[in-house]
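Chemist: Just to be clear, the model below is a prediction. Sequence and coordinates:
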Amino acid sequence: MLVFLVHGPAGILYRASHLHGKTVAQAMEKQSGALVGRNQPYDLWQHSNHTIPFHGNRRGLAAIIVEIRNDLLATTPDLNRWAGITAQALQKGQTCPLPPVKRQAQTA
């Protein structure tokens with residue numbers, strides 16, 4: 001059984017997109033007034049995740065995952081609040097340069 005410790009209401013998960021992840025986390029903190037975890041509630045380096053390395057990092061895309069505690073999304077006003085916070089934070093992240101492309105060698 002895996003148990004995750006959540007530090008705050010939300011977390012941003014990333015690998016190669018360090019600058020994007022940190023920028024989005026900082027923007028979400030400013031908007032929400034609460035601590036937003038970096039590679040929280042779990043670490044993509046320790047747990048299997050195909051989406052970020054395969055579809056993001058390998059193609060040089062700014063790939064992050066935004067995690068928000070479910071209990072904070074229970075009502076329409078809650079959803080609207082966190083949708084606004086997330087949208088504004090992602091817009092801030094768009095100003096960051098793209099991470100380097102890490103392509104895997106192709107075999108014949």
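Modeler: Ah, there it is.

Chemist: only C-alpha atoms for contact and neighbour calcs from this point on.
Modeler: Will do.

Chemist: looking at this, T23 is in a helix?
Modeler: Yes: under DSSP: H, G, I helix; E, B strand; the rest coil, T23 falls within a helix.

Chemist: for this structure, which spans come out with low pLDDT?
Modeler: When residues are selected by pLDDT under 70, those of the chain lie in 1-7, 45-48, 99-108.

Chemist: Give me the residues contacting the lengthiest helix in it.
Modeler: In the chain, with assignment by DSSP state H, the single longest helix is helix 76-93. Outside helix 76-93, the residues within contact range by CA atoms under 8 Å, 6 or more residues apart in numbering are 20-21, 23-28, 31-32, 72-73.

Chemist: Is Y42 in a helix, a strand, or coil?
Modeler: Three-state call for Y42 (three-state DSSP): coil.

Chemist: Quick check: the gap between it and R59.
Modeler: 23 Å (CA to CA, to the nearest Å).

Chemist: The two: who's more crowded?
Modeler: The neighbour comparison of Y42 against R59 (other CA atoms under 10 Å) goes to Y42, with 19 against 16.

Chemist: can you give me phi and psi for the more buried one?
Modeler: Backbone torsions for Y42, taken as degrees, to the nearest 10, come to phi -150, psi 170.

Chemist: got the contact list for the helix or strand containing Q31?
Modeler: With secondary structure defined by DSSP states H and E, Q31 is part of helix 18-32. Helix 18-32 is contacted from outside by 11-14, 35-38, 62, 64, 85-86, 88-90, 92-94, 96, using CA under 8 Å, 6+ apart.
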